[in-house]
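Trainee: predicted model, plus sequence, below.
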Amino acid sequence: MNNNLHSLSRRRLLGASAAMGGLALAGCTGAPISGPSIGRVVVVGGGFGGSTAARYLRQWGGNVDVTLVERNAGFVSCPISNLVIGGHKQMADITRGYDGLRAVGVKVVQGEVSAIDAAGKRVKLANGSELAYDRLILSPGIDFMLDGTPGLATALASGRVMHAWKAGPQTTTLRQQLEALRDGGVVAITIPKVPYRCPPGPYERACMVASYLKTAKPRSKLLVLDANPEIQSKKALFERAFKQHYEGILEYRPNNELKEVDGSTAKLEFDDVRADVLNVIPPQRAGDIARNAGLLNMNNRWAGVNWLTMESTAVPGIHVLGDATFPAPLMPKSGHMANQHAKVAAAAIIQLLQGQPVNQTPVVMNTCYSFVTATDVVHVASVHQYDAKDKTFKTVPGSGGVSSAASATEGRYALGWADNIWADALAL
Ligand SMILES: Cc1cc2nc3c(=O)[nH]c(=O)nc-3n(C[C@H](O)[C@H](O)[C@H](O)COP(=O)(O)OP(=O)(O)OC[C@H]3O[C@@H](n4cnc5c(N)ncnc54)[C@H](O)[C@@H]3O)c2cc1C
């Protein structure tokens, strides 16, 4: 375990230093930096990207005045939330507070950002207050595209159909629905076409739901209705897990796009599936606030960015992180990647505020772990290096890869990864 922790810490340090480029390590001791302020940065969204950016803006140099605005009282992690749905973890295990960020000097405001005045450099909150900024960071995550699927908005609003694709009350309710299921009942999970947040996430969820049914309701059935032609991440490993652990319980159906929802019935192209528990993962786009600010210049769905600074290519002075961005080739929408975007942005903003050139050679990386049983895990990893000619990140040949097989050792790595990234983002 010590070795694992060493390698995780080393990886974190590597990720941080690659993104930072030439920055002096002024705040590495954890002490907030004093002296005259070099500028005001408002960060919208206290999830993986926004929290990390707020922390490192305070700790990496200059006395940046940082205000983080987040609608929720605390941070609830999507990573590990599938284990809560499977009954292997509790909500408290994936919930953290913002006191660590306050301790490094971030002003944390609980509130809803309702509008952005990019020309006036101000954000407006739903309570009527306003915050002025020199640079703005948006890391609002995703919102759902419900219009293309008749009945879906009504089904989600009814409180009977859960998405649980933003961790929180929906995670709890989906778990309760599974607990209330009769033995012999039917659960259905629908997966949208890519791109969506966390490519392996739906298949991990399928494993977690099936692991619960296998022990608690063995006569029940789980239908995994995938709009895509095949499993989108770690395919061979998930196929092995489905067969090895959940044969007879879990049925995977590719090319099954959800066309309509009618009560608890999922209407597909050639079939209607009536489920006792229907979990719809809807199609996704960047969060509403990014759309309302006019940032979605890629397919009207995602925000294009300059990868050296994470600054929007649509509206100057606004930096966009995480799931809301139009990704570089093979770059996943993950918490790990949002954390890396945040480090590129924090370093670049400090340099821009000080009138210095930004790092021209950033490198970011990603590891996504997936639980296939309560203990056994598989991973996929990649390293992405900025390519000056094409002005985008490209995967480094020979970097990364996937597990050869699921293992309990990787299960320990996965939990260590989660603890480390929460601590890194939230200054715990
Ligand atoms: C089931 C599941 C499992 C996953 N597992 C993994 C995993 O193992 N590893 C991994 O790396 N990734 C995983 N992910 C993906 C990961 O959760 C996301 O990629 C990550 O959360 C993206 O970070 P973000 O900062 O872009 O958005 P988020 O973390 O979603 O943060 C956005 C924040 O902005 C706030 N917000 C939005 N709009 C406003 C507004 N107008 N005003 C105020 N606040 C606002 C929201 O409340 C939210 O807190 C998983 C996702 C799911 C759904």
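Mentor: Nice, I can see it.
Trainee: in the stretch 151-300 of the chain, which spans are helices?
Mentor: With helices called from DSSP state H, counting those that start in this stretch, the stretch 151-300 of the chain shows them at 152-157, 169-180, 201-216, 235-246, 288-292.
Trainee: so which of those helices is the most surrounded?
Mentor: Sort the helices of the stretch 151-300 of the chain by mean neighbour count, taking mean count of other CB atoms under 10 Å, and helix 201-216 sits at the top with a mean of 24. No exception for glycine: its C-beta is placed from N, CA and C like everyone else's.
Trainee: what angle do that one and helix 235-246 make?
Mentor: Angle of helix 201-216 versus helix 235-246, following axes from the mean of the first three to the mean of the last three CA atoms, to 10 degrees, is 10 degrees.
Trainee: briefly note if helix 201-216 comes near the ligand.
Mentor: Yes. Using CB under 6 Å from any ligand atom, a contact is recorded between helix 201-216 and the ligand, made by 201, 205.
Trainee: distance of residue 192 from residue 252?
Mentor: 15 Å (CB to CB, to the nearest Å).
Trainee: typed the wrong thing, it's residue 236
Mentor: From residue 236 across to residue 252, the span is 13 Å (CB to CB).
Trainee: switch the helices of the stretch 151-300 of the chain over to JSON lines; also include mean pLDDT.
Mentor: Listed next are the helices of the stretch 151-300 of the chain as JSON lines, based on pLDDT from 0 to 100:
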{"stretch": "helix 152-157", "mean pLDDT": "97"}
{"stretch": "helix 169-180", "mean pLDDT": "98"}
{"stretch": "helix 201-216", "mean pLDDT": "98"}
{"stretch": "helix 235-246", "mean pLDDT": "98"}
{"stretch": "helix 288-292", "mean pLDDT": "98"}
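Trainee: for residue 185, give me phi and psi.
Mentor: phi -80, psi 170 (degrees, to the nearest 10).
Trainee: what about the closest residue to the ligand within the stretch 301-428 of the chain, how many residues nearby?
Mentor: Across the stretch 301-428 of the chain, the shortest distance to the ligand (CB to the nearest ligand atom) belongs to residue 322, at 2.2 Å. Neighbours of residue 322 under the rule other CB atoms under 10 Å: 31.
Trainee: ok, residue 66 next?
Mentor: 28.
Trainee: just checking, it touches residue 102?
Mentor: No. Counting by CB atoms under 8 Å, residue 66 stays clear of residue 102, with 10.9 Å between them.
Trainee: just to revisit the earlier point, ok, the residue of the stretch 301-428 of the chain closest to the ligand - contacts?
Mentor: By CB atoms under 8 Å, 6 or more residues apart in numbering, the contact set of residue 322 is 45, 47-50, 139, 141, 333, 337-338, 341-342.
Trainee: remind me which residues of this protein are low pLDDT?
Mentor: Scanning the chain for pLDDT under 70 picks out 1-34.
Trainee: got the residues of it near the ligand?
Mentor: 44-50, 69-72, 78-79, 81-82, 112-113, 139-141, 165, 197-198, 201, 205, 287, 289, 321-324, 333-336, 338, 368-369.
Trainee: mind running it again at 5 Å?
Mentor: 45, 47-49, 70-71, 78-79, 112-113, 139-141, 165, 197-198, 201, 287, 289, 322-323, 333-336, 338, 368 (CB under 5 Å from any ligand atom).
Trainee: hmm, which of those are the buried ones?
Mentor: Among these, those classed as buried by 16 or more other CB atoms under 10 Å are 45, 47-49, 70, 78-79, 113, 139-141, 165, 197-198, 201, 287, 289, 322-323, 333-336, 338, 368.
Trainee: list the contacts of the closest residue to residue 262 other than its chain neighbours.
Mentor: Counting by CB to CB, 6 or more residues apart in numbering, residue 151 is the residue found nearest to residue 262 once chain neighbours are left out, at 5.4 Å. Each residue near residue 151 by CB under 8 Å, 6+ apart is listed here: 260-262, 267.
Trainee: the ligand: which of the residues you listed is nearest?
Mentor: residue 261 (19.4 Å).
Trainee: what about the closest one, neighbour count?
Mentor: For residue 261, using other CB under 10 Å, the count is 24.
Trainee: that one pairs with what?
Mentor: residue 266 (DSSP bridges).
Trainee: got the contact list for it?
Mentor: 149-152, 154-155, 161, 267, 278, 280.
Trainee: again, 7 Å this time
Mentor: Residues counted as contacts of residue 261 (CB atoms under 7 Å, 6 or more residues apart in numbering) are 149, 151-152, 155, 161, 280.
Trainee: next one: residue 273
Mentor: Here residue 273 is in contact with 188, 223, 225, 265-266 (CB under 7 Å, 6+ apart).
Trainee: how about it, nearest residue that isn't a chain neighbour?
Mentor: residue 266 (4.7 Å).
Trainee: hmm, that neighbour is touching residue 227, no?
Mentor: No. Using CB atoms under 7 Å, residue 266 is not in contact with residue 227; the gap is 11.3 Å.
Trainee: count of neighbours near residue 126?
Mentor: The tally of other residues near residue 126 (other CB under 10 Å) stands at 11.
Trainee: rewinding a little: most neighbours of all the contacts of residue 273, which one?
Mentor: residue 266 (29 neighbours).
Trainee: ok, it - contacts?
Mentor: Contacts of residue 266 (CB under 7 Å, 6+ apart): 188, 190, 225, 258, 273, 275, 278.
Trainee: okay, it and residue 391: tell me how far apart.
Mentor: Residue 266 is 41 Å from residue 391, by CB to CB.
Trainee: now do residue 180
Mentor: Taking CB to CB as the measure, residue 180 falls 52 Å from residue 391.
Trainee: if we can go back for a sec, joint contacts of residue 266 and residue 227?
Mentor: residue 258.
Trainee: CA atoms only for stretch 105-112, dumped as CSV, please.
Mentor: Extracted in CSV, the C-alpha atoms of stretch 105-112 (Å, rounded to 0.1, in the frame of the first residue of the first chain):
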residue,chain,number,x,y,z
GLY,A,105,-7.9,32.0,1.4
VAL,A,106,-10.6,31.1,-1.1
LYS,A,107,-13.9,33.1,-0.5
VAL,A,108,-16.5,30.4,-0.9
VAL,A,109,-20.0,31.7,-1.7
GLN,A,110,-23.0,29.3,-1.8
GLY,A,111,-25.2,30.6,-4.6
GLU,A,112,-26.4,30.3,-8.1
